[in-house]
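In: Any chance you can model this:
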Amino acid sequence: MSALPLLPASDKPLRLVGIARLAAEGETLREGHNVEYFTLPAKSLLNRCVSRRALPFTWTINPYRGCEFGCRYCYARYTHEFMEMRDGMDFEQKIYVKQHAADLLRHELRRVKSGESIALGTATDPYQPAERRYEVTRGILEEFARHHGFELGIVTKSNLVVRDLDLLEKIAGSNRLSIHITITTLDTELARVLEPRAPRPDLRLEAVRALRQAGLRVGVSCCPVIPGITDAPQQIEAVIRAAAEAGADHLFANPLFLKPSSAAIFLPFLEQNFPHLAENYRQRYRERAFLPESYGKRLSQLVRRLREKYRLFPDPRHKHAEKWPVDGFEEQMNLF
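Out: Okay, the predicted model is just below:
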């Protein structure tokens, strides 16, 4: 069975090309709770990140297209639009599994020059539920474990990363490896509303602890900080305190930004769950994707003070990881 090509409003079929055609021809793998999985023939796995801003990485890898976690604020929903899928919900309900990922990576790593870092999981979580079955991420790590001298950063909301401790330790022995666990709140009920199918915050903290006990470099990404929902100083301090207690050696935080594709999901979500904030958000994000610079500065100052309070500083022996706390790196258009 093949995925059906989406049609435009007119009665003439849309001629799909490039990745949109490949996505439409993907074979259905399995159906879950309103989630469909498709194969996606991939021509390339390693993507050069082109941006006008200074970013903490040069290359990106995403083993999947789409993410089942369904985070209501997710900035990456726009990536399904490249496959002519305009409904923002498609991003979490139609998951594309990239084929032959490890083989592609084996040939493409020669493009990476000394000093260029690689980010795994910038537009889709590499440890989302599909990974338990298809193990694309594990195959990628198996390939990295055969090499030395690379700089790899992994971003995830899932404690499934601990499954790959054997490979992560091997990679870290011959490469520069840093792992970044995203934790936006410690409130389990709030997390379930904001990130309905992601692992609980306490499970993510356990993953931080396990990774550190294994001697790996691991930090916490408190991104995004959501105005009026997760940005109270006591909420942010709770995350930073818990990160420090779990052994994290760095932490960074960035405020929420909303691209049109994300706003189309997030604003109705606010109306239903936080109606008192809805009008404020409509005004703040009416003509911009980002909050005013003053908000970001206040957040940075708060986080800096709290990192000092809990002595949550990067290990000076691993200065490469200090590049990761760069405001707004999620905004870029070439992370998929």
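
In: can we go C-alpha only for contacts and neighbour counts from here?
Out: Will do.

In: most residues in a single helix of the protein, which one?
Out: helix 293-309 (DSSP state H).

In: could you pull out the strands for the stretch 201-336 of the chain?
Out: 218-225, 251-255 (DSSP state E, counting those that start in this stretch).

In: Specify the local secondary structure of residue 152.
Out: Secondary structure, DSSP: H, G, I helix; E, B strand; the rest coil: residue 152 is strand.

In: Correct me if wrong: it contacts residue 172.
Out: No - with contacts counted by CA atoms under 8 Å, residue 152 stays clear of residue 172, the gap being 9.1 Å.

In: Spit out the residues that contact these two alike.
Out: Shared contacts of residue 152 and residue 172, defined by CA atoms under 8 Å, 6 or more residues apart in numbering, are absent.

In: which residues touch the nearest residue to residue 144 once chain neighbours are set aside?
Out: Leaving aside its chain neighbours, residue 144 sits nearest to residue 171 (6.5 Å; criterion: CA to CA, 6 or more residues apart in numbering). By CA under 8 Å, 6+ apart, the contact set of residue 171 is 141, 144-148, 177.

In: got it, and residue 118?
Out: Counting by CA under 8 Å, 6+ apart, residue 118 has contacts 57-61, 150-153.

In: Report the angle between the longest helix of the chain and strand 251-255.
Out: 160 degrees (axes from the mean of the first three to the mean of the last three CA atoms, to 10 degrees).

In: Please shift the residue numbers so they start at 31 in all later answers.
Out: OK, 31 is where the count begins now, so the last one is helix 323-339.

In: Pull out the buried residues from the contacts of residue 148.
Out: 87-91, 180-183 (16 or more other CA atoms under 10 Å).

In: what's the nearest residue to residue 168 if we skip its chain neighbours?
Out: residue 194 (7.0 Å).

In: Doesn't residue 67 lie inside a helix?
Out: No - counting by three-state DSSP, residue 67 falls outside a helix, being strand.

In: Do I have it right that it meets residue 121?
Out: No - using CA under 8 Å, residue 67 is not in contact with residue 121, being 11.3 Å away.

In: what stretches of the protein score poorly on pLDDT?
Out: Scanning the chain for pLDDT under 70 picks out 31-63, 80-85, 112, 344-366.

In: how about the helices in it?
Out: Using DSSP H, the helices of the chain run over 48-54, 120-123, 131-138, 160-164, 166-174, 195-204, 218-224, 231-243, 263-276, 290-303, 305-314, 323-339.

In: how about stretch 146-153: buried residues?
Out: 147-153.

In: if you look at those, which of them are in strands?
Out: 147-150 (DSSP state E).

In: Quick check: the residue nearest the centre of the chain vs residue 306, distance?
Out: Per CA atoms, centre = their mean, the C-alpha nearest to the average position across the chain is that of residue 152, at 4.4 Å. For residue 152, the distance to residue 306 (CA to CA, to the nearest Å) stands at 31 Å.

In: how close does residue 224 sit to residue 168?
Out: Counting by CA to CA, the separation of residue 224 from residue 168 is 27 Å.

In: before we move on, the earlier item: select only the buried ones of the contacts of residue 201 in ChimeraX?
Out: If you want just the buried ones from the contacts of residue 201 in ChimeraX, going by 16+ other CA under 10 Å, the selection is:
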select :171,174,175,207
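
In: mind checking the backbone torsions on the closest residue to residue 199 other than its chain neighbours?
Out: Distances taken as CA to CA, 6+ apart place residue 246 nearest to residue 199, at 7.0 Å, with adjacent residues excluded. As for residue 246, its main-chain torsions (degrees, to the nearest 10) stand at phi -90, psi 160.

In: wait, residue 246 sits on residue 200?
Out: No - counting by CA under 8 Å, residue 246 does not reach residue 200; the two are 10.4 Å apart.

In: And these two? Which one has more around it.
Out: residue 246 (21 against 17; other CA atoms under 10 Å).

In: For that one, list the residues it contacts.
Out: 198-199, 202, 207-209.

In: Tabulate those (JSON lines), appending distance to residue 341.
Out: Shown next, in JSON lines, are the contacts of residue 246 (distance: CA to CA, whole Å):
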{"residue": "198", "distance to residue 341": "26"}
{"residue": "199", "distance to residue 341": "25"}
{"residue": "202", "distance to residue 341": "24"}
{"residue": "207", "distance to residue 341": "22"}
{"residue": "208", "distance to residue 341": "19"}
{"residue": "209", "distance to residue 341": "19"}
